[in-house]
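Trainee: Next input, structure requested:
(4 chains)
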There are 2 protein chains.
Amino acid sequence: MVTCVSTGATPGPPAGAVRPPVIRRRRLEPDARREQILSVAVRLFGERPYADVSTTDVARGAGVARGLVNHYFGTKKELYLEVVRVMLTVPGVALERLPGGGVPERVDAIVTWFLDVVSRHSTSWLAAISAGGMAGDADVDQVIAEAVDVAADSILAAVGLGDRPAGEGLRGMARAYVGMATYTAREWLQRGALTREQVHTLLAATLLTMVEKVFPRAA
Amino acid sequence: MVTCVSTGATPGPPAGAVRPPVIRRRRLEPDARREQILSVAVRLFGERPYADVSTTDVARGAGVARGLVNHYFGTKKELYLEVVRVMLTVPGVALERLPGGGVPERVDAIVTWFLDVVSRHSTSWLAAISAGGMAGDADVDQVIAEAVDVAADSILAAVGLGDRPAGEGLRGMARAYVGMATYTAREWLQRGALTREQVHTLLAATLLTMVEKVFPRAA
DNA sequence: GCACTTGTTGACAGAGCGCCAACAGTGATC
DNA sequence: GATCACTGTTGGCGCTCTGTCAACAAGTGC
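Mentor: Now for the predicted structure:
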């Protein structure tokens, strides 16, 4: 049996030592403090996988006691869920105006929009979509699934299938396409195996095929 | 400062208590013991994500001291790497004979083979391919990437593009297709949003498009 | 200046992991 | 069959990390 006892060693500065610059604790509005901690967490979880980022790292980055992180976010996993939501929501700015023209033109437009958004937020978006080391966890999976749902609905809307409530088969296929789009983006942005032109060709041709030949059989 | 000291409390059975059935420790051949621990780990990591499986769980499942797990596999992560390798290799039985016929027939054959293999090992394969909670870790990612590489090469070979060494662009596109295939399989096996027929249609039509219209532009 | 609110801190207790010296099966040798 | 050496196996130590909580102190109102 192992028992842990506290020794009286006060961790303060040794007597006579040069007094360190007294960092007086500052009170912030709860929203401001929460936002500050969250931004640090977004940066760290974007750089390293989940297990390699400790709550101590986040607290130190924010210049704050570790307990405060738990005070605002509960557990480390809940903090990470917030981080993933932020990372996946920022790029989620809906494409403002649906492109006009025929199906091929609209397919081309949405692929261009997707590649623009992804390349602009590549690091954080890729870290989040690959779940930064927590894929398999039910809660994290659900947050990712919701983001994929949004993207899938955007695609269905852009190709002109979003007006009527899509059936489960149609949405499942759209989600599968989003999955391929993310994989393809990783081949481009992380691995460098594909050029943007190649990615564009692949995603546009595939989506066109799905719209014309596969989706009609999902009804 | 916190110091941990050991009390003299021997964790043995209380004096006079009913003597528990003496489980005499058994010596196994290193290979046998390693295999036994690994099989338990495969089962547990297939059921729960990485963080929810402790080395204590693995050791208990194998009826063994926890230290023995470290003795055979080093760290928990190395054990997990072995588990992922097993999960991804089992389904990797190469499709024995390349199908004949034209491109559409061969595409159909390889999609059928893929769906057969995946559905047979669905739980463990899906747990591994979604990285069971460690995606983002460099080592785990590499193991998964190798498995995806194998699958991508199999596909290129099956559609008749595997004879000459494929360029990086072609292989990147094939890997992206494998990514979509895994996503689609999850929609089918985990989420139940798609039927096998729908998955088959989607994957076959998409692959055919890629072979005929996209791959030629990757040279 | 004083009291009250509440943002903030530091320590505690528990769990999990890597490591290692000691223990004990198992087969070889006399 | 007794003894010995080899090595598979165990149990515990020290460390890190996490969640919780009582106490502290920075602002604010009176």
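
Trainee: following the lowest-mean-pLDDT helix or strand in chain A, which helix or strand comes up?
Mentor: Lowest by mean pLDDT, DSSP states H and E among the helices and strands of chain A is strand A:2-6, with a mean of 37. The helix or strand immediately downstream of strand A:2-6 is helix A:30-47, counting by DSSP states H and E.

Trainee: Distance from the chain centre to whichever helix or strand comes after that next one, please.
Mentor: Once the chain leaves helix A:30-47, the next helix or strand it forms, by DSSP H and E, is helix A:55-62. The chain centroid and the centroid of helix A:55-62 are separated by 20 Å under C-alpha atoms, centre = their mean, to the nearest Å.

Trainee: and chain A, which residues reach DNA strand D?
Mentor: Within chain A, the residues that sit near DNA strand D (C-beta under 7 Å from any atom of the strand) are A:2, A:24-27, A:53-56, A:66-67, A:70-71, A:74-77. All C-beta atoms are positioned from the backbone trio N, CA, C, and that covers glycine.

Trainee: And the buried ones among those, selectable in ChimeraX?
Mentor: Those of these that count as buried under 16 or more other C-beta atoms under 10 Å in any protein chain shown are selected in ChimeraX with:
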select /A:53,55,76
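
Trainee: near DNA strand C, from the residues of chain A next to DNA strand D?
Mentor: Checking the residues of chain A next to DNA strand D against DNA strand C (C-beta under 7 Å from any atom of the strand), the matches are A:Arg25, A:Arg26, A:Arg27, A:Arg66, A:Gly67, A:His71.

Trainee: show me the residues around the fourth one that make contact.
Mentor: Residues in contact with A:Arg66 (C-beta atoms under 8 Å, 6 or more residues apart in numbering or on different chains) are A:Thr55, A:Thr56, A:Ala59.

Trainee: Which residue ranges make up the domains of chain A?
Mentor: The record's domain parsing of chain A by automatic domain parsing lists A:30-74, A:89-218.

Trainee: Throw the ones you listed into JSON lines and include mean pLDDT, thanks.
Mentor: Rendered in JSON lines, the data for these read as follows (pLDDT from 0 to 100):
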{"stretch": "domain A:30-74", "mean pLDDT": "96"}
{"stretch": "domain A:89-218", "mean pLDDT": "86"}
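
Trainee: Assess the claim that A:Ala205 and B:Leu208 are in contact.
Mentor: No - with contact defined as C-beta atoms under 8 Å, A:Ala205 does not reach B:Leu208; the gap is 10.9 Å.

Trainee: any bit of stretch A:147-162 sitting next to chain B?
Mentor: No - using C-beta under 8 Å from any C-beta of the partner chain, stretch A:147-162 stays clear of chain B, coming no nearer than 8.8 Å.

Trainee: what comes up buried for that stretch?
Mentor: For stretch A:147-162, a neighbour-count test (16+ other C-beta under 10 Å) marks A:147-148, A:151-159, A:161-162 as buried.

Trainee: now do stretch A:35-43
Mentor: By 16+ other C-beta under 10 Å, the buried positions in stretch A:35-43 come out as A:Gln36, A:Ile37, A:Leu38, A:Val40, A:Ala41, A:Val42.

Trainee: Closest one of the residues you listed to B:Glu47?
Mentor: In terms of C-beta to C-beta, no member of the buried residues of stretch A:35-43 lies closer to B:Glu47 than A:Ala41, at 29.5 Å.
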